[in-house]
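Asks: using only what follows, build the 3D model:
(one chain, ligands or ions: 3)
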Amino acid sequence: VNGKVEIPVVVNVLYKTAAENISDAQIQSQIDVLNDDFNATNSDFSSTPALFSGVAANVGITFVLETVNRKSTTKTSWGTRDAMKKTKQGGLDPTSPTTKLNMWACTIGGGILGYAQFPGGSTTTDGVVIDSKYFGLSGSGAYPYNLGRTATHEVGHWMNLRHIWGDATCGSDLVSDTPTHNTANYGAPAYPHYSTCTGTPVEMTMNYMDYTDDRGMYMFSNGQKSRMAAIFVSGGARAGF
Ligand code: ARG
Ligand code: ZN
Ligand code: CA
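Replies: Numbering: from 1, shown residues only. Ligands and ions are numbered 1, 2, ... in the order given. Sure, this is the predicted structure:
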């Protein structure tokens, strides 16, 4: 990141019920969480164990809420095939996806909290989808997904980060300063949690790109920061930002 990356955000709210029509304050609470988590100003950042304090990152990317679009619909759930991103399918097309982060708040269904598109995909479906129940701080969404970290995790994917376990047993996330994890972790694992992969490293279960509860995740690493920064430079997949 040369200097600073500032991400304009467009939030597309699709609602059938009043609860799905999340308030502007609820939306702003999510932007605030993103700004905290990507600038190491989250109150739990200091919980990072000493073992990882040398690689815990201030990513230094800021998010600015620009527009909220709202649309009443008859759909009760939207699934994970991008229908919410298409006006013709009852959703809302993204606004200026090469220069703005589009977020959709809607009911996804199937127990899915959110999903993201990696850099390099179609601009017509670019952005992140967060179930309205988990969008922002303590809305209708209950513990353990009440701290807005679903969006932090999904925006991590949108900025090219892989799951910390590499979606395979002892897989790679293509980041060298994150330990090799056996598999996904859930809940809030007690520290230290040892991997059974080569070298039996202590796993970085508190990383946003694991699958722990919101209270269990509170840091990105410097290697992840570099991977994110790379997409915003000239020639990168999100150079328009
Ligand atoms: N992609 C994951 C899902 O769809 C999101 C996991 C977010 N984790 C969290 N603690 N909020 O379920
Ligand atoms: Zn994920
Ligand atoms: Ca790694």
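Asks: now the longest helix along the chain: buried residues?
Replies: Among the elements of type helix in the chain, defined by DSSP state H, the one spanning the most residues is helix 24-37. Under the neighbour-count criterion of 16 or more other Cβ atoms under 10 Å, helix 24-37 has 26, 27, 29, 30, 31, 32, 33, 34, 35, 36, 37 buried. In this view, the C-beta of every residue, glycine as well, is placed from N, C-alpha and C.
Asks: show me what it is packed against.
Replies: Secondary-structure packing of helix 24-37 (3 or more Cβ pairs under 8 Å, 6 or more residues apart in numbering; DSSP states H and E): strand 5-15, strand 61-72, helix 149-158.
Asks: let me know which of those is tucked in deepest.
Replies: Counting by mean count of other Cβ atoms under 10 Å, helix 149-158 has the highest mean neighbour count of the helices and strands packed on helix 24-37, with a mean of 24.
Asks: so is it next to ligand 1?
Replies: Yes. Contact between helix 149-158 and ligand 1 is present through 149, 150, 153 (criterion: Cβ under 6 Å from any ligand atom).
Asks: between strand 61-72 and that helix, find me the angle.
Replies: Comparing the axes of helix 149-158 and strand 61-72 via axes from the mean of the first three to the mean of the last three Cα atoms, to 10 degrees yields an angle of 110 degrees.
Asks: could you point out which element follows helix 149-158?
Replies: Downstream of helix 149-158, the first helix or strand assigned by DSSP states H and E is helix 222-230.
Asks: is that following helix positioned near ligand 3?
Replies: No. Applying Cβ under 5 Å from the ion, one finds that helix 222-230 is not in contact with ligand 3, the shortest distance being 7.2 Å.
Asks: list the buried residues in the helix or strand just after the longest helix of the chain.
Replies: For helix 24-37, the succeeding helix or strand toward the C-terminus, using DSSP H and E, is helix 50-53. Residues of helix 50-53 classed as buried: residue 52 (neighbour count, 16+ other Cβ under 10 Å).
Asks: what of stretch 97-116?
Replies: Neighbour-count burial for stretch 97-116, counted by 16+ other Cβ under 10 Å, picks out 97, 100-108, 112-116.
Asks: how long is that stretch end to end?
Replies: Using Cα to Cα, to the nearest Å, the span of stretch 97-116 from its first residue to its last is 13 Å.
Asks: how far does that stretch sit from the chain's center?
Replies: Distance, stretch centre to chain centre, for stretch 97-116: 10 Å (Cα atoms, centre = their mean, to the nearest Å).
Asks: near ligand 1, which residues of the chain?
Replies: Remark: the part of the chain in contact with ligand 1 comprises 112-115, 145, 149-150, 153, 211-214, 217, using Cβ under 6 Å from any ligand atom.
Asks: where does pLDDT dip in this protein?
Replies: Counting by pLDDT under 70, the chain has low-confidence residues at 1-3, 139-140.
Asks: going by proximity to ligand 3, name the top residue of it.
Replies: Proximity of the chain to ligand 3 (Cβ to the ion) peaks at residue 178, 3.7 Å away.
Asks: correct me, but that residue touches residue 219?
Replies: No. Using Cβ atoms under 8 Å, residue 178 and residue 219 do not qualify as a contacting pair, with a distance of 10.2 Å.
Asks: need the overlap of contacts for these two.
Replies: Applying Cβ atoms under 8 Å, 6 or more residues apart in numbering, one finds that residue 178 and residue 219 are jointly contacted by 204, 207.
Asks: coming back round to it: tell me the angle the longest helix of the chain makes with strand 5-15.
Replies: Angular relation of helix 24-37 and strand 5-15 on a 0 to 180 degree scale: 150 degrees, by the same axes, to 10 degrees.
Asks: give the contact list for the residue lying farthest from the centre of the chain.
Replies: Here the chain reaches farthest from its C-alpha mean at residue 199, the gap being 29.3 Å by Cα atoms, centre = their mean. With contact taken as Cβ under 8 Å, 6+ apart, residue 199 is in contact with residue 180.
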